[in-house]
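In: What would the 3D arrangement of this be:
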Amino acid sequence: MNTTHYLHLVQAAIDEVNASFPQQPAGLYEPLRYTMKLGGKRMRPLLTLMGAGLFTDKVEPAIPAAMGVELFHNFTLLHDDIMDNAPLRRGMQTVHEKWDVNTAILSGDVMYTQAFRYITKSPAAALADVLDMFLRTAAEVCEGQQYDMDFERQSKVTIEEYLRMIELKTAVLAGASLSIGALCVGAPQSEARKLYDFGRLFGIAFQLQDDILDVYGDPKTFGKQVGGDILANKKTFLLLSALQRANGLQREELLNWLQAPASAGTEKVEAVTAIFNQLGIRDLARECMNEHYHKAIDALHHTEADALRKAELRAFTDALMVREV
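Out: From the prediction side, this is the model:
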């Protein structure tokens, strides 16, 4: 396994994908090229190749599926940004801001069809299992997004419900990426399942870290609007924990700020962050994040792949879990 080599494979494949998009109608396909060129960590296609690389040096059979996973992920981002009214993605204008909402919806739709097209290029012997995993995961991601929207209308959401939501909306795709990569190179179902569990638990930890960074991150390195979750009153782990811990005047102040409009801007973000700090919410979120990541590492430990290959996969996810604010 060689992460740098995998990254080169992923980037070359993305360049080929972008070149394959039709030129017309430009209003449909140019947003796809724009989205795929925004960069990012390429975490999911890398996990797909790493899932394959645990069992073989020849990961090329997993490259089409890796592109399917990346296209699907970017499709979800196009639509999520509309739902969240997000102005930035990876430090650049979101598609609905650069073009318009209708363009973002339609471009997202065609990106999903492209994702399915690449997934179906998986090796014939693994195709049924890969399709089953991909389609089940795609449905779960949508379920997670629905729960996320439902939470906006619910007055009470438990931390357990929130963790289940991020498991569906974010974490299952990390698990599926690893599992699909393994299946593409003929790994046993039992091993693919262990990798799925590793990726799923890692994905929960990764999203909890994202919640922390949304409040405490540096916008220059985070790539998204810091404080966006606070402005949108998103029921994140941090907010739910604060509502659970706050009492008296502190709780009253927090509830008052939740009634304040997003136009309150920096003042609202700073005030809610100060309450988080008083309640020790950042440390609590990190504790939950670390708990899930440790469970993920235990799942990886139980896979039967070569120890050195597992160590390189762990080094990759370790690096993702130490993004500093």
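In: Any regions of the protein where pLDDT drops low?
Out: Along the chain, segments meeting pLDDT under 70 span 1, 219-225, 323-325.
In: what about the strands in it?
Out: Per DSSP state E, the chain carries strands over the ranges 88-89, 92-93.
In: Please name the nearest non-neighbouring residue to the residue most central in space within the chain.
Out: Ranked by distance to the mean C-alpha position of the chain (CA atoms, centre = their mean), the top residue is T170 at 4.5 Å. Spatially, and ignoring its direct neighbours in sequence, T170 is nearest to Q207 (4.5 Å; CB to CB, 6 or more residues apart in numbering). Every residue, glycine included, has its C-beta placed from N, CA and C.
In: does the one you found really touch I166, like I thought?
Out: Yes. Under the criterion of CB atoms under 8 Å, Q207 makes contact with I166 at 4.4 Å.
In: circling back to that earlier point, distance to I63 for the strands of the chain - can I get that in CSV?
Out: As requested, those are exported to CSV (distance: least, CB to CB, whole Å):
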stretch, distance to I63
strand 88-89, 25
strand 92-93, 26
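In: okay, these, which one's buried deepest?
Out: For the strands of the chain, the largest average neighbour count (mean count of other CB atoms under 10 Å) is found in strand 88-89, namely a mean of 20.
In: Starting from that one, tell me which strands it pairs with and how they run.
Out: Next to strand 88-89 in the sheet, as set by DSSP bridges, lie strand 92-93 (antiparallel).
In: Residues in contact with the strand it pairs with: which ones?
Out: The contact list for strand 92-93 (CB atoms under 8 Å, 6 or more residues apart in numbering) reads 38, 87.
In: tell me the contacts of the residue nearest to the centre of the chain?
Out: By CB under 8 Å, 6+ apart, the neighbours of T170 are 141, 144, 203-204, 206-207.
In: Go through those and single out the one with the most neighbours.
Out: G203 (28 neighbours; other CB atoms under 10 Å).
In: Spatially nearest residue to it, not counting backbone neighbours?
Out: G203 sits nearest to A171 (CB to CB, 6+ apart), 2.8 Å away.
In: Can you report how many residues neighbour that neighbour?
Out: A171, neighbours per other CB under 10 Å, totals 28.
In: What of P188?
Out: With other CB under 10 Å as criterion, P188 counts 12.
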